[in-house]
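*Asks:* the sequence isn't on hand, but the structure is:
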């Protein structure tokens, strides 16, 4: 009887302990709430505001990796997206329009990532302040320091001697390459005279730029300004003339001295302007395929994926050219990479053509006609964008 009472007592204590543990667990669950909106959490993400259940104050490498992962989406999505983007024309856009989107990177995010990487690569490989290349000596990149100039001439002569020795060994070194380096050395040893360099620039007449207006007289901000057909007031007209004169003076300075700052500003302006070009290109597709009765957003998705494909292909071409330059002495590898670059360059217009045919489902004749129309119109838009970027670059100098 005593043993039975003790057993009942143990069972009762166990039940009480279990109840207390459950209550503690329930209290702990109740305390799990979103740090942003205080809504009770039912999973790793808040159902109310969408914020993930991750505390930012934790081990720094883990936080850094989460930030990179969220910014670039470094998971299987990026690989499932890039492969069809490069090899299967139109598939990515059709999948996204059909609603099958979870497997792929969002087209806007993909565009931002690829455009950022692409234009950074362009800036790196076209750095106007980088080392001097053959044929660049007349552009104002020749070092003025005598020691640096002597070192550059020595390096060029050593490169010339190396090429000549490899040519004697039977390697396919052309005479044109040797002649080009010899001319480069001659240009370095006999630089153009200072007065010849200063003669470059915009033409001037009587101390002012030699720009003649429709009335046959030289442009002068005060005496003979541009009138813009009388559209603007006298004050606005004067301000516009001063603005244009400022741009002309900056352009003259760039031509006479150094274009590196203008190139840098141009490359800084191009990404933003290309982003603004996207909705215009989508509107062009909407106009071209107006009888297809597709929503504007469908054309915008096509425009996003088309630009992503172009950026990704050009990025691959840049990387392949860099590899070919690094392994210039390995002839078979260089020639193989050059063939890959040519194939990619040919594939770009073919891919865009097949994309339009597949998505808009028209015959080859109508697709070809509209492809040419869209191509010419887009080239005009690109030219206008480049001109605007050039002006923005001058303004920012």
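*Replies:* On my side now, so go ahead. On a predicted model such as this, the values are computed, not experimentally measured, just so you know.
*Asks:* would you map the strands across the chain?
*Replies:* Ranges of strands in the chain, per DSSP state E, are 204-205, 208-209.
*Asks:* ok, of these, where does mean pLDDT dip lowest?
*Replies:* With a mean of 61, strand 204-205 has the lowest mean pLDDT of the strands of the chain.
*Asks:* could you chop this protein up by domain?
*Replies:* For the chain, automatic domain parsing gives the domain ranges 114-128+258-396, 132-191.
*Asks:* would you single out the least confident of those domains?
*Replies:* domain 132-191 (a mean of 68).
*Asks:* single out the most deeply packed of the domains of the chain.
*Replies:* Highest mean neighbour count of the domains of the chain: domain 114-128+258-396, a mean of 16 (counted as mean count of other C-beta atoms under 10 Å). (Each C-beta comes from the backbone N, C-alpha and C, glycine too.)
*Asks:* between its first and last residues, how far does that one reach?
*Replies:* Taking C-alpha to C-alpha, to the nearest Å, domain 114-128+258-396 runs 25 Å from one end to the other.
*Asks:* for it, what is the distance to the chain centroid?
*Replies:* In this view, domain 114-128+258-396 has its centroid 10 Å away from the chain centroid, taken as C-alpha atoms, centre = their mean, to the nearest Å.
*Asks:* circling back to that earlier point, ok, which of the domains of the chain comes nearest residue 102?
*Replies:* Of all those, the one in closest proximity to residue 102, counting by C-beta to C-beta, is domain 114-128+258-396 (15.5 Å).
*Asks:* related to what we said a few turns ago, in CSV, list the domains of the chain along with distance to residue 98.
*Replies:* As requested, the domains of the chain are arranged in CSV below (distance: least, C-beta to C-beta, whole Å):
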stretch, distance to residue 98
domain 114-128+258-396, 11
domain 132-191, 49
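*Asks:* select, out of those, the one closest to residue 211.
*Replies:* domain 114-128+258-396 (15.9 Å).
*Asks:* list the contacts for residue 253?
*Replies:* By C-beta atoms under 8 Å, 6 or more residues apart in numbering, the contact list for residue 253 is empty.
*Asks:* ok, so what distance separates it from residue 247?
*Replies:* Per C-beta to C-beta, to the nearest Å, residue 253 is found 11 Å from residue 247.
*Asks:* do residue 164 as well
*Replies:* Counting by C-beta to C-beta - residue 164 and residue 247 are separated by 48 Å.
*Asks:* ok, residue 110 next?
*Replies:* In terms of C-beta to C-beta, residue 110 sits 36 Å off from residue 247.
*Asks:* what of residue 47?
*Replies:* 55 Å.
*Asks:* likewise for residue 293?
*Replies:* In terms of C-beta to C-beta, residue 293 sits 45 Å off from residue 247.
*Asks:* what's the answer for residue 377, then?
*Replies:* Residue 377 is 28 Å from residue 247, by C-beta to C-beta.
*Asks:* same deal with residue 308?
*Replies:* From residue 308 to residue 247 the distance is 34 Å (C-beta to C-beta).
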